[in-house]
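# quick one, structure for this:
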Amino acid sequence: MWTRLRSLQFSQRTIPWVFALVTILAYGLLTPWLGFYWDDWVFVWLLKHNGPVELARSFLPYDPLVSPFFLITSSLFGTNAFAWQLFGLLVRLSVSLAALWTFNQVWPEHARKVIWAAFFFLVYPGYAQQWVAFTHANQEWISLGFIILSLGLTARSLRETSARKWLVFALVSQFIGLGTTEYFLGMEFLRPVIIWIVMTRLSPDKAFASTLRSWSIYLPIWLIAGIGQYLYHNSSAYGGHSFGMSLGFKDIPQLIFSWLRDIIPTLRVTAFDAWAQTFSLITTSLTSLTDWLTLGLILISFLGLAFYLPRLQNQNDVDTKDDAWAVQAMVLGLVGILGGRLPSWLAGLPIVLRFDWDRLLISMLFGVSLFTAGLIDYLIKRGYRKQLLISLILALAIGMQFQQANTFRRAWQNQANFFWQLAWRAPMLKPGTMLVTDELPLQYIADLQLSAPLNLTYAPGAESFPYMLLYTKNRLGGPLLPKLSPGLPVEGNYRTVEFKSTTSNIVMIQLPGDGCLQLLDPRFVSAGTYTGLPENLDSNIEISNLEQIDMNSNSTADPSQFFGVEPPHNWCYYFEKAELARQFDNWEEVTQLYESATSAGYTALLPSENLVFIEAFARTGNTHKADTLTGTMISQDRKLCNALVAVWERSQDASPEINAEALKRIESLQDLPECKE
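Residues are numbered from 1 along each chain as shown. Below you'll find the predicted structure:
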């Protein structure tokens with residue numbers, strides 16, 4: 001049997017299926033547990049309330065020609081997160097196969113080597129935003145697929161000059177790829193190099209002249225797209241990043257010098273750091289189930305690829321001993337990396353391996369995959385070593401993408417936890433409410449994006465935009481949050497929707513990374529109550545207006561449409577309901593919630609979460625229980641002594657019959673050094 005396995009060969013028909021399998025292993029194993037992220041939510045709200053046409057119209061200030069993509073895909077998939085994740089996988093696979101086809105058109109005699117480059121393209125770990133599927137599949141990936149096809153069609157048209165259709169298809173694809181987004185304008189520099197590579201084989205004596213003549217056919221579309229994008233991005237109609245660098249003649253030397261300084265950092269990040277980071281997966285200690293699953297996935301992927309790649313039949317493959325292909329691949333790769341970097345460099349945007357800047361690396365994917373394959377082919381001569389190294393690099397990249405997918409899974413779960421806690425604490429909010437915090441510990445989403453699910457949770461049928469969530473870190477001093485003072489008008493746009501309110505409708509919130517959501521109530525929370533509370537919140541708690549919580553509404557918040565069924569009632573459920581009951585002075589209900597929580601085996605995640613229960617027990621006469629909880633809190637965090645003093649003082653004022661016990665506890669707390677600071 002071992003002999004039969006060693007002699008087993010795989011036909012080229014297996015290639016698409018293996019690419020599909022690798023796509024699933026790298027990106028798709030956690031698909032059922034993924035959702036919406038970043039600008040996905042903006043598009044979901046627009047689609048839910050106004051339909052595909054309004055969603056497409058919202059792109060007019062950004063990328064007008066990308067609107068048809070959103071119109072078609074949103075009509076098909078609606079607001080189903082699972083469908084969008086599947087669509088993202090399909091687009092990623094399709095574009096990777098398009099890259100393989102294009103590589104084959106450029107080097108038909110090196111079928112085995114271009115497969116390496118295509119695999120690198122598929123799993124490149126520098127780009128880690130696959131799961132922002134609604135946004136990036138439409139805004140970038142479809143356009144990237146067209147520009148890559150255009151490059152391959154150019155090579156095909158040179159080899160089959162009698163068939164004019166290839167040239168026509170190449171020009172149409174070029175227009176779609178370049179006209180729909182500015183991301184890939186620099187990739188056009190790949191075309192003359194590709195033409196030159198092809199022409200050196202077809203007509204080596206006339207390669208240079210043929211390259212200029214052939215490329216001139218594509219120049220008008222490129223120039224029109226480039227000039228159009230530049231003018232539009234610097235016009236008042238555009239709502240995103242403008243090209244931040246001057247293009248005046250006097251600035252050209254400085255511009256060139258700045259670009260040259262950017263070359264080395266760009267190459268280091270894209271071609272080396274991105275791959276090098278994957279080796280941490282096998283050098284760090286295994287501390288979680290995810291780590292073990294990742295290691296197992298790496299091992300399975302490595303063994304599978306190491307078995308498959310050497311046994312893949314390639315009838316057109318010419319195993320030459322020289323470095324011609326490697327050099328050509330590296331040169332074309334460098335052109336692709338630097339050309340792909342050009343638009344983001346002109347816009348003054350950084351190239352870093354973190355969310356969400358890593359989205360910019362998509363324009364360099366084509367180049368870096370070729371450069372990586374060419375470099376390995378150039379440095380390592382022995383075939384089996386080369387195949388093993390390529391298999392290892394691919395397996396590590398698959399493992400890293402799986403780990404990245406898991407962070408998106410956790411991020412989706414954290415979004416669900418936040419909105420369920422909010423719904424428990426505030427069953428309904430009055431229109432115009434602004435939830436304000438410094439920043440929430442939620443990955444892959446920011447305040448304006450979170451405003452979409454906030455509105456879908458509290459006003460799913462509203463055609464307006466009655467709620468907003470804002471970070472003081474980003475918005476304080478702007479039109480949406482001019483100052484943390486009451487009575488100031490607030491006005492701003494959310495794509496095509498307008499939001500109006502006043503700063504008197506602010507509800508301040510805080511979500512500790514290891515605790516439950518807190519709505520800051522000035523009646524019970526003052527400056528210094530919570531340790532670690534951001535300064536903007538701590539010094540302005542009095543502006544938080546919890547009267548925005550509407551207990552008389554006939555409807556209640558419902559996160560289930562997007563976040564699934566209500567989760568089991570954990571500690572945070574009882575805490576949120578206790579805070580809500582405290583707000584309306586239902587102290588008996590607060591004590592009952594505590595007993596229910598403890599009988600179910602739950603305890604406070606943070607010491608400060610016991611404050612509401614201590615006050616409830618004190619006010620209802622159970623000073624022994626209140627005193628016991630106070631002692632527990634002080635042993636956990638002595639910095640809460642001032643907050644505890646305030647609790648006991650309020651309880652004493654509200655219930656004079658506990659005066660003696662309250663005074664005793666207040667005096668003991670005030671003797672602590674922390675209360676004297």
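# for stretch 47-67, buried residues please.
Neighbour counts over stretch 47-67 (16 or more other C-beta atoms under 10 Å) mark 47-50, 52, 55-59, 61-67 as buried. From N, CA and C alone the C-beta is placed, and that goes for glycine too.
# likewise stretch 492-506?
Quick answer for stretch 492-506 (16+ other C-beta under 10 Å): 492, 494-495, 497, 499, 501, 503-506.
# kindly reformat those as a markdown table containing pLDDT and distance to A26.
Formatted as a markdown table, the buried residues of stretch 492-506 follow (pLDDT from 0 to 100; distance: C-beta to C-beta, whole Å):
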| residue | pLDDT | distance to A26 |
| --- | --- | --- |
| G492 | 81 | 39 |
| Y494 | 75 | 34 |
| R495 | 71 | 32 |
| V497 | 78 | 36 |
| F499 | 86 | 39 |
| S501 | 90 | 44 |
| T503 | 91 | 46 |
| S504 | 93 | 50 |
| N505 | 94 | 45 |
| I506 | 93 | 43 |
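# helix, strand or coil for the nearest residue to L370 once chain neighbours are set aside?
Counting by C-beta to C-beta, 6 or more residues apart in numbering, L370 lies nearest to G333, which is 3.7 Å off, once chain neighbours are set aside. Each residue gets one of three states, and G333 gets helix by DSSP: H, G, I helix; E, B strand; the rest coil.
# and G333, what is it in contact with?
Going by C-beta atoms under 8 Å, 6 or more residues apart in numbering, G333 touches 271, 367-374.
# wait, a strand at F465?
No. Assessed with three-state DSSP, F465 is coil; it does not lie in a strand.
# give me the number of residues near it?
24 (other C-beta atoms under 10 Å).
# which phi and psi does it have?
Backbone torsions of F465, given as degrees, to the nearest 10, read phi -130, psi 90.
# from I614, how far off is it?
When distance is defined by C-beta to C-beta, to the nearest Å, F465 is 39 Å away from I614.
# do P460 as well
Distance from P460 to I614, by C-beta to C-beta: 38 Å.
# same question for F169.
73 Å.
# out of these two, which sits in the busier spot?
I614 (25 against 18).
# I'd assumed the more buried one was in a helix, is it?
Yes. Under three-state DSSP, I614 sits within a helix.
# state the pLDDT value of it.
pLDDT recorded at I614 is 90.
# tell me who's in contact with it.
Per C-beta under 8 Å, 6+ apart, neighbours of I614: 626, 629-630, 633, 644, 647.
# with the residues you listed in mind, which one is nearest to I194?
Looking at the contacts of I614 and their distance to I194, the nearest is M633, at 68.8 Å (C-beta to C-beta).
# surely that closest one and L644 touch.
Yes. Shown here, M633 and L644 form a contact pair, counting by C-beta atoms under 8 Å, at 6.5 Å.
# overlap in contacts of these two?
Going by C-beta under 8 Å, 6+ apart, residues that sit against M633 and also against L644 are 611, 614.
# those two - which one has more neighbours?
The neighbour count for M633 versus L644, taken as other C-beta under 10 Å, is higher for L644 (29 against 23).
# residue ranges of each domain in the protein, please.
The chain breaks down by automatic domain parsing into domains covering 10-409, 426-567, 569-677.
# out of the ones you listed, nearest to F419?
domain 426-567 (4.2 Å).
# off-centre distance for the closest one?
From the chain centre to the centre of domain 426-567 is a distance of 22 Å (C-alpha atoms, centre = their mean, to the nearest Å).
# now do that domain: distance from first to last residue.
17 Å (C-alpha to C-alpha, to the nearest Å).
# all helices of the stretch 501-650 of the chain, in order?
Taking DSSP state H, counting those that start in this stretch, the helices of the stretch 501-650 of the chain run over residues 535-538, 560-563, 571-583, 587-599, 611-619, 623-636, 641-654.
# in TSV, list the ones you listed along with distance to K381.
Shown next, in TSV, are the helices of the stretch 501-650 of the chain (distance: least, C-beta to C-beta, whole Å):
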stretch	distance to K381
helix 535-538	61
helix 560-563	54
helix 571-583	60
helix 587-599	67
helix 611-619	69
helix 623-636	63
helix 641-654	70
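# most tightly packed of the ones you listed?
helix 611-619 (a mean of 25; mean count of other C-beta atoms under 10 Å).
# which stretches in this protein count as strands?
434-437, 468-471, 489-494, 497-502, 506-510, 518-519 (DSSP state E).
# looking at those strands, spot the one closest to W345.
strand 468-471 (28.3 Å).
# run through the neighbouring helices and strands of the closest one.
Judged by 3 or more C-beta pairs under 8 Å, 6 or more residues apart in numbering; DSSP states H and E, strand 468-471 is in contact with strand 434-437, helix 447-458, strand 489-494.
# could you dump the ones you listed to CSV with distance to Q105?
Output for these, formatted as CSV (distance: least, C-beta to C-beta, whole Å):
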stretch, distance to Q105
strand 434-437, 53
helix 447-458, 40
strand 489-494, 44
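# of those, which is nearest I362?
If we rank these by C-beta to C-beta, the stretch that ends up nearest is helix 447-458, at 19.8 Å.
# show me the shaky parts of the stretch 551-677 of the chain.
For the stretch 551-677 of the chain, the stretches with pLDDT under 70 are 662, 667, 670-672, 674, 676-677.
# could you list the low-pLDDT ranges of the stretch 301-450 of the chain?
Ranges of the stretch 301-450 of the chain meeting pLDDT under 70: 315-321.
# show me where it has helices.
324-346, 365-379, 383-425, 447-458.
# count of residues packed around F208?
F208, neighbours per other C-beta under 10 Å, totals 12.
# wait, it touches I195, no?
No. F208 is not in contact with I195 according to C-beta under 8 Å; the separation is 10.2 Å.
# which residue is nearest the centroid of this structure?
Among the residues of the chain, the one closest to the centroid is Y444, at 4.0 Å (C-alpha atoms, centre = their mean).
# the closest residue to that one other than its chain neighbours: neighbour count?
In space, and not counting its chain neighbours, Y444 is closest to Y37: 4.2 Å by C-beta to C-beta, 6+ apart. Here the number of neighbours of Y37 (other C-beta under 10 Å) works out to 26.
# distance of Y37 relative to W131?
Y37 sits 7 Å away from W131, taking C-beta to C-beta as the criterion.
# now the common contact residues for those two.
F408.
# which residues does R410 contact?
Q443.
# what do you get for V331?
Listed by C-beta under 8 Å, 6+ apart, the contact set of V331 reads V193.
# 10 Å instead, please
Neighbouring residues of V331 by C-beta atoms under 10 Å, 6 or more residues apart in numbering: 193, 196-197, 370-371, 374.
# now swap in T14 and tell me
Contacts of T14 (C-beta under 10 Å, 6+ apart): 21, 308, 311-313.
# same check on S210?
158, 195-196, 198-200, 202-204.
# could you rerun that using 8 Å?
With contact taken as C-beta under 8 Å, 6+ apart, S210 is in contact with 195, 199, 202-203.
# now swap in R159 and tell me
For R159, the contact set (C-beta under 8 Å, 6+ apart) comprises 105, 198, 202.
# is it true that the first one touches A155?
The one in question is Q105. Yes. Counting by C-beta under 8 Å, Q105 does reach A155; the two are 3.8 Å apart.
# more crowded one of those two?
Neighbour comparison, Q105 and A155: the larger count goes to A155, with 25 against 22 (by other C-beta under 10 Å).
# what's the spacing between the more buried one and R201?
On the measure of C-beta to C-beta, A155 and R201 end up 11 Å apart.
# how near is G228 to V497?
From G228 over to V497 (counting by C-beta to C-beta), the distance is 28 Å.
# also L30?
When distance is defined by C-beta to C-beta, L30 is 32 Å away from V497.
# same deal with L346?
Where V497 is concerned, L346 sits at a distance of 31 Å (C-beta to C-beta).
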